[in-house]
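*Asks:* Curious how this folds, go ahead:
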Amino acid sequence: MNIASRPTATQTRVLGATVLALLTMSATAEQADIPYPSALDAAAVVQSSLADINREAMVIGNGDILGLLWDRGGELGIRVSKNDIWDARVDTSQDGPPMKVDVANHKWSPGGYPPSWRKPYPQPRCAAVVRIGSSPQAGASRWRCIRSGGKVNQWLRDKDAGVMAISGSAGASAGYRWDLELAQVGSPTSLKLRLSGTPGAQFYVNVLAGGRNAVVASGWRATPQEEADVVFPIPAGSKVSGIELYVMTKDGKRTENRVGRIVLEGDKEPLALPPGMPESAVQSARLDLRRAVATTGSVAVRALADRNVFVIETAKDVSLEEVQTAGVEPAECGEDAGVKWLHVKLPGDVDYAGMEYAVAVASADSQKTVAIVTSWETKGSVREAAVALARETAGTDAKALIARHESQWSQFWAASGVKLDDADFQPWWYRMVYYLRCFAKPGAVPVGLFAGLASDRTPWHGDYHHNYNAWQPYWTPLAINHPELVDPWVRYMNAMLPRLKWFAKTTYDCEGAFVGISSFAFEPDPAGCKSVNQRHIAIPPYGYTLGMIGMSAQNLWFSHLYRPDKEYLEKWIYPVVREAALFYCSFAEKCQRDANGKARFGPSYSPEHGAFGVDNVPFDLAYARYTLKAAVAAAAELGRDAALAERFAKALDLLPDYPTAPDEAGNPVVVDWTGCKLGAIKVHNITVPAVPVFPGDQVTWFSPEPAQNLLRNTILHTRHRGCNSTVMFSVAKARLSMPDACEDLRRYYRPEAQPNGMFHWPMHGFYLSESVGIAGAISEFLLQSVDNVIRVFPCWPKEKDAEFTRLRAQGGFLVSACQKDGKVVKLTVTSTAGGKLRLVSPWTGKIIERNTQPGQTVDVRE
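*Replies:* Purely as a prediction, here's the structure:
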């Protein structure tokens with residue numbers, strides 16, 4: 001193997017103009033062109049409908065604001081959100097004492113499910129609906145899709161009737177809600193439907209009063225095949241505010257309910273609701289990923305890259321519609337010299353002051369600008385700030401705005417790219433990288449479970465879920481060469497340290513920091529909190545998995561490995577990694593000892609299986625090892641905390657081996673806890689036994705063969721539910737170069753790929769921020785770096801050509817490579833930070849090493 005080194009910038013100045021051309025070959029992303037523009041353009045999303053907000057809405061965002069553009073029954077709308085708009089109230093007034101764990105005696109106090117979790121808050125909130133083409137007064141009531149579980153979900157008007165249709169998987173259902181206008185709310189005595197259905201069709205009816213309270217819930221019923229009137233009595237005195245209609249397919253085949261009449265009777269005049277939604281005005285729609293613009297007909301929408309403003313090119317009127325929230329004062333709306341605005345005050349609690357935000361829309365001929373400003377960004381009036389921003393942007397030359405926007409997106413796409421002989425993985429990679437940039441950028445609040453709020457109330461409070469979900473969105477940026485997008489998570493974890501340290505001390509009487517299953521934006525320091533339990537929501541058993549603090553801190557250490565920066569390490573990375581390691585150290589020191597003198601590492605909970613109280617969960621052990629090693633390495637690099645690092649090293653020695661049980665052939669398999677029998681967990685939520693491979697990074701392709709064989713056998717015996725572990729399990733296989741890794745990922749996600757380029761997440765819904773991990777997994781098939789050793793095409797099929805440019809590896813190395821006809825024909829590595837390059841030769845399988853300087857590019861040849 002030959003290694004040819006290109007000169008650094010400093011060397012180039014010395015050598016003169018004869019080698020200037022070589023320098024341009026080491027260009028940074030900001031100076032470079034988009035690597036594969038045709039591949040990027042081919043990933044654009046093209047649709048003929050935008051009617052289904054979950055499956056067809058086009059996503060536009062700039063890392064802080066995000067919009068879902070869809071056809072809401074004949075007119076276009078955008079549900080707009082902003083990462084820092086949260087109803088962040090917490091009400092623990094009815095909660096009992098949280099669980100306390102006596103580590104030394106392996107005992108714990110009971111902790112019940114907290115009533116605070118059942119509140120409708122904390123919750124990220126949709127800022128508003130931007131209406132394109134009508135005013136808020138023009139027929140505000142309409143049918144709205146609230147569930148779209150099928151591959152086809154329709155509620156279409158057919159002459160005087162409506163046809164509600166669904167097809168997809170067996171048991172899939174779709175639902176639609178009609179919210180009555182305030183003047184229509186009354187006390188009818190019955191709801192009458194005239195309906196018929198295809199064979200096997202099912203229907204369900206809810207009559208709502210006072211918001212979401214269902215005073216009539218029919219349950220699933222067989223739809224009559226011959227047209228018939230079906231009457232539902234409504235309890236006397238019910239103030240009916242809306243109705244919901246659902247359709248279900250029992251076998252997955254297309255099923256239709258035909259609804260001829262929908263009438264509320266018995267109160268004043270009968271109120272007839274129009275069945276079905278008008279035919280879509282959208283005939284074609286396109287999302288251009290390269291330029292970050294969504295177009296349909298004569299309408300084009302951008303979320304400007306350089307400011308929190310949506311720019312809408314349209315001659316139609318654009319207005320704002322409030323998204324009403326129970327328990328929140330209605331929005332104040334008005335107009336300031338032609339700029340329309342909407343102002344919302346989200347309440348606080350005894351420990352939290354609440355927040356405000358304003359949305360404003362200004363017009364300049366065929367350019368409309370929609371600005372969003374929150375009280376986290378200004379100490380002055382949010383209304384005045386939003387109006388000023390919308391007006392200023394509307395007064396800026398449209399061509400200049402668009403040019404600046406497209407320039408920033410070009411810089412983003414220039415950072416990296418892939419060109420794959422794979423009709424699934426190539427567009428998936430680009431679409432998920434685009435989606436990531438829509439909800440993440442430096443300085444923004446991290447997005448929660450859902451990036452794009454299609455619903456007014458997301459499951460799990462739209463929280464930060466610490467046993468996997470919040471980890472995946474901020475692991476993905478590293479390999480795709482956008483380490484800056486990890487910044488929101490880095491800053492959030494630092495801000496949370498006071499609460500995490502309080503949790504470790506209060507619950508475990510341990511030093512360091514610990515995190516539960518759920519956390520939220522804008523959580524105050526518990527030292528100043530007056531609420532019950534210091535305003536902390538603790539959820540047993542899910543909130544007591546020991547590995548979660550290590551997983552939550554891991555992306556911070558990853559950030560340093562992939563983007564070495566000593567100053568950033570000291571200020572932002574080490575404080576969190578140190579406290580996470582200190583928790584594991586303190587906990588291990590308190591643990592009882594087994595016969596070998598090792599810690600009985602518990603009590604804990606395997607996510608999400610079994611009961612609390614088990615020991616030596618592989619998830620916990622892998623992350624304890626990872627975090628303690630990271631803290632030792634960080635302390636050495638910074639030249640500090642030598643005594644503490646020595647203590648961490650001793651704690652590492654206390655950790656036991658992963659628990660195993662024999663398979664049918666007598667070979668060991670890692671199981672979920674000590675004493676767990678093989679097969680006791682038939683289907684995993686988190687693939688706990690495989691975590692030591694990935695994401696725990698403790699057993700690698702470079703580990704001794706017995707360790708690799710143990711984990712390979714473990715992976716072969718592990719099954720999962722097909723939601724939380726799909727990405728991490730495929731990557732675990734890829735880390736050990738197991739050949740079915742690629743096809744596993746394809747098999748999981750091909751049925752879940754949606755018309756709008758996004759993915760349905762089984763059992764969770766749509767617009768899951770963690771879905772960007774698909775791009776991370778594909779990148780792992782192309783490039784891996786663990787233990788600071790690089791492998792190219794470690795799990796990519798030999799029969800498929802592939803090429804990538806500037807994917808990022810640990811050590812801050814940017815790698816570009818090409819595989820053609822099963823052979824690597826090009827491999828270059830650029831060092832961003834200097835240091836030792838360690839790389840497995842794709843030709844010999846041996847590790848080669850080379851010291852590098854910042855900016856130096858190395859050609860690796862056979």
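*Asks:* Tell me where the model's unsure across the stretch 1-150 of the chain.
*Replies:* 1-31, 134-140 (pLDDT under 70).
*Asks:* how about the helices of it, start to end?
*Replies:* In the stretch 1-150 of the chain, the segments counted as helices under DSSP state H, counting those that start in this stretch are 9-15, 20-24, 37-42.
*Asks:* In the stretch 451-600 of the chain, where is pLDDT below threshold?
*Replies:* For the stretch 451-600 of the chain, no range has pLDDT under 70.
*Asks:* That one: strands as residue ranges?
*Replies:* Ranges of strands within the stretch 451-600 of the chain are 464-465, 518-519, based on DSSP state E, counting those that start in this stretch.
*Asks:* With distance to Val230 and mean neighbour count as new columns, can these be given to me in CSV?
*Replies:* C-beta here means a position set from N, CA and C on the backbone, and glycine is covered the same way. Shown next, in CSV, are the strands of the stretch 451-600 of the chain (distance: least, CB to CB, whole Å; neighbours: other CB atoms under 10 Å):
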stretch, distance to Val230, mean neighbour count
strand 464-465, 41, 24
strand 518-519, 41, 24
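*Asks:* Please identify the buried residues of stretch 322-332?
*Replies:* Residues of stretch 322-332 classed as buried by neighbour count (16 or more other CB atoms under 10 Å): 322-323, 325, 328, 331.
*Asks:* meant to ask about stretch 744-754
*Replies:* 744-745, 748-749, 752-754.
*Asks:* Which members of those residues occur in strands, if any?
*Replies:* With strands identified by DSSP state E, none of the entries of the buried residues of stretch 744-754 belong to them.
*Asks:* Could you single out the nearest of those residues to Pro540?
*Replies:* Tyr748 (30.5 Å; CB to CB).
*Asks:* so what's the closest one up against?
*Replies:* 722, 726, 730 (CB atoms under 8 Å, 6 or more residues apart in numbering).
*Asks:* And for the closest residue in space to Leu68 that isn't next to it in sequence, the neighbour number?
*Replies:* Of all residues not flanking Leu68 in the chain, Ala57 sits nearest, at 4.0 Å (CB to CB, 6 or more residues apart in numbering). Using other CB atoms under 10 Å, the number of residues around Ala57 comes to 31.
*Asks:* Same check on Gly812?
*Replies:* For Gly812, using other CB under 10 Å, the count is 21.
*Asks:* domains in this protein, as residue ranges please.
*Replies:* Following automatic domain parsing, one gets these domains for the chain: 1-31+788-862, 40-85+283-417, 143-272, 445-787.
*Asks:* Now render the strands of the stretch 451-600 of the chain as TSV, adding distance to Glu799.
*Replies:* Output for the strands of the stretch 451-600 of the chain, formatted as TSV (distance: least, CB to CB, whole Å):
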stretch	distance to Glu799
strand 464-465	38
strand 518-519	44
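*Asks:* Between those, which one is closest to Trp843.
*Replies:* Among these, strand 464-465 comes nearest to Trp843, with 42.7 Å by CB to CB.
*Asks:* Give me the contact list for the closest one.
*Replies:* 446, 448-449, 470, 492, 517-520.
*Asks:* quick one: strands adjacent to that strand?
*Replies:* strand 518-519 (antiparallel) (DSSP bridges).
*Asks:* buried sites along stretch 625-641?
*Replies:* 625-632, 634-635, 641.
*Asks:* Centre-most residue in the chain?
*Replies:* Ser769 (1.5 Å; CA atoms, centre = their mean).
*Asks:* just checking, that one touches Phe439?
*Replies:* Yes. Under the criterion of CB atoms under 8 Å, Ser769 makes contact with Phe439 at 6.1 Å.
*Asks:* what touches both of those two?
*Replies:* The contact lists of Ser769 and Phe439 share 447, 451, 473, where a contact means CB under 8 Å, 6+ apart.
*Asks:* Now do the strands in the stretch 651-800 of the chain.
*Replies:* Using DSSP E, counting those that start in this stretch, the strands assigned to the stretch 651-800 of the chain run over residues 660-662, 668-670, 760-761, 765-766, 783-786, 789-792.
*Asks:* Give the rounded mean pLDDT of the first one.
*Replies:* It stands for strand 660-662. Strand 660-662 shows a mean pLDDT of 98.
*Asks:* How far does it sit from its chain's centre?
*Replies:* How far strand 660-662 lies from its chain's middle: 35 Å, per CA atoms, centre = their mean, to the nearest Å.
*Asks:* do the same with the fourth one
*Replies:* On the basis of CA atoms, centre = their mean, the separation between the geometric centre of strand 765-766 and that of its chain is 11 Å.
*Asks:* So what's the model's average confidence on it?
*Replies:* For strand 765-766, the per-residue pLDDT averages 92.
*Asks:* strand partners of it, parallel vs antiparallel please.
*Replies:* Here, using DSSP bridges, strand 765-766 pairs with strand 760-761 (antiparallel).
*Asks:* Val840: neighbour count?
*Replies:* So Val840, with other CB under 10 Å, has 18 neighbours.
*Asks:* which one of the contacts of Tyr748 is nearest Lys82?
*Replies:* Lys82 lies nearest to Thr726 out of the contacts of Tyr748, by CB to CB, at 29.1 Å.
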